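**Student:** here is the input, now give the coordinates:
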Amino acid sequence: MRRLKVLISSSYFIWYIILLSTVIRVIWMFYFNPEIVSDARWYMEKGCNLAHGLGYVNDGIPTANYPIGYPAFLALLFLVGGCKLWIARLANLVLYALILWFFYHLVLDLTKNNRRAAISCLLLAVYPNHMVYVNLAFNETFFLFLFVSALYYLIRSLNGRESFLWISALLWTCAFMTRPAVLFIPFIVLFILFRSNGFKKVFKSWSVIGLVLILLVSPWTIRNYLVFGKFVPVSTNGGFALLIGNNPHAEGRFYLHEDFFRDVEKNSNEAGYSKIAGKMALDYMSSNPVQVIQRIPVKFFYLFWPGMDGISWNMNGESAGKQVFLSRFRFLANGYFVLLMCAFLLAIFMKIINSKWQLIDTLILAMIGYYVLITLVFFGESRYHFHLIPFFHVSVASLFLKGKERFPPGKRIFTS
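**Tutor:** The predicted model follows:
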């Protein structure tokens, strides 16, 4: 037991975790080969178009329906290896290894606790839903890499490595071009870190990140204005997404009522349609505040459930035998997800009653709360909590270590 404790506390234990993560994902990749559908098909097609110099188009027409970040990343890969699905899957494999490295050092910087960082990453490496996403060409793994690495470089920049601030700003910009909802996260994080870092340092970080965002996003915004004739910073689906969550037939999740959306006025371009959809959503919200409030618990529920949506996506196009296995695996994995959420809530409760609250706990709750608020305005989708899962594991790791301290090996809990 002592040797295991020394191993977990060592700086090189993260490499064993990365090896474990890579091996189980490679095995999954070889055994399962799901059909690519939904948003993943869009990303693959648009990335291939970009790689072939056709521009960001949909059926030959310029588009900004989805943010360009992930398709642009795929395009760079496709320039080297061709428009092959295995390229996207290999990228997911490598990205997750990098995620674990950055996350380990991020937690270590924030907690100064090797074991907490190691246990967090070990739990994360074998987390079922993240594992099975290696096969899927969704933007979740890519965004998680940007999110964690941007946080890592931001924290390091505040700890004396000032040049890292520019790297962080670049990564936050890429994250914004992938998932625009991330926009306020770096500013929230810096606000929380204000007391321990002072106004001058935090204001400088705010300014650099804001400047880089504006400079790098502006060319894409100008392109969108020239194409659509309207101000579109990143994508044109904002109004549409708002209407999905706020209409007479809304279910709190991604659901398109066929008759209702068929009657939505179609404009000459995406931006015009989004504007009309957004106005309809706002009109509905102002006219039906009770219904909007009643949907809040449902939206919250769908943000986190089902916890293992990636397993469901892996079932597409697989044989009957594999689908049976995946269905049973999904049931067990969802049970694990419920336990994880319960352990997280218990960890937070224990920290509060024991007055063991740390800065990292404030950061975790702030980030989770931010995305919950966005969900309550729009709609819930379990994929949207994908990048928050690592931070749940940080709290659970602290609970595990607390239990080890309270009941060390050899201590008698029951006496006769």
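
**Student:** can you verify A117 is assigned to a helix?
**Tutor:** Yes. A117: assigned to a helix according to DSSP: H, G, I helix; E, B strand; the rest coil.

**Student:** I374 reaches R179, doesn't it?
**Tutor:** No. Using CB atoms under 8 Å, I374 is not in contact with R179, being 10.3 Å away. Using the backbone N, CA and C atoms, a C-beta is placed for each residue, glycine as well.

**Student:** and the two? Which one has more around it.
**Tutor:** Neighbours were counted for I374 and for R179 using other CB atoms under 10 Å; R179 has more, 22 against 15.

**Student:** how near is the residue nearest to S382 when sequence neighbours are not counted to V338?
**Tutor:** Using CB to CB, 6 or more residues apart in numbering and skipping residues adjacent in sequence, the residue nearest S382 is D309, 4.5 Å away. Distance, D309 to V338, by CB to CB, to the nearest Å: 15 Å.

**Student:** repeat for A125
**Tutor:** Distance of A125 to V338, given as CB to CB: 20 Å.

**Student:** more neighbours: which of those two?
**Tutor:** Between A125 and V338, counted using other CB under 10 Å, the more crowded position is A125 (26 against 12).

**Student:** ok, now which ones touch that one?
**Tutor:** Contacts for A125 (CB atoms under 8 Å, 6 or more residues apart in numbering) come out as 17-18, 20-21, 24, 100.

**Student:** pull out the buried members of those.
**Tutor:** Burial by neighbour count, judged by 16 or more other CB atoms under 10 Å, picks out 17-18, 21, 100 from these.

**Student:** need these in a markdown table (columns: distance to V208).
**Tutor:** As requested, the buried ones among the contacts of A125 are exported to a markdown table (distance: CB to CB, whole Å):
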| residue | distance to V208 |
| --- | --- |
| I17 | 32 |
| I18 | 31 |
| S21 | 33 |
| L100 | 27 |
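
**Student:** list the buried residues in stretch 314-332.
**Tutor:** Residues of stretch 314-332 classed as buried by neighbour count (16+ other CB under 10 Å): 314-315, 318, 322, 326, 329-330.

**Student:** just these: which are in helices?
**Tutor:** Cross-referencing these against helices under DSSP state H gives 314, 322, 326, 329-330.

**Student:** let me have the residues you listed in TSV, extended by pLDDT and distance to I222.
**Tutor:** TSV is the format used below for these (pLDDT from 0 to 100; distance: CB to CB, whole Å):
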residue	pLDDT	distance to I222
N314	96	40
K322	95	47
L326	97	45
F329	97	47
R330	97	45
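
**Student:** ok, which pair from these is furthest apart?
**Tutor:** Farthest-apart pair in those is K322 and R330; separation 12.1 Å (CB to CB).

**Student:** before I go, just wanted to say thanks for your time.
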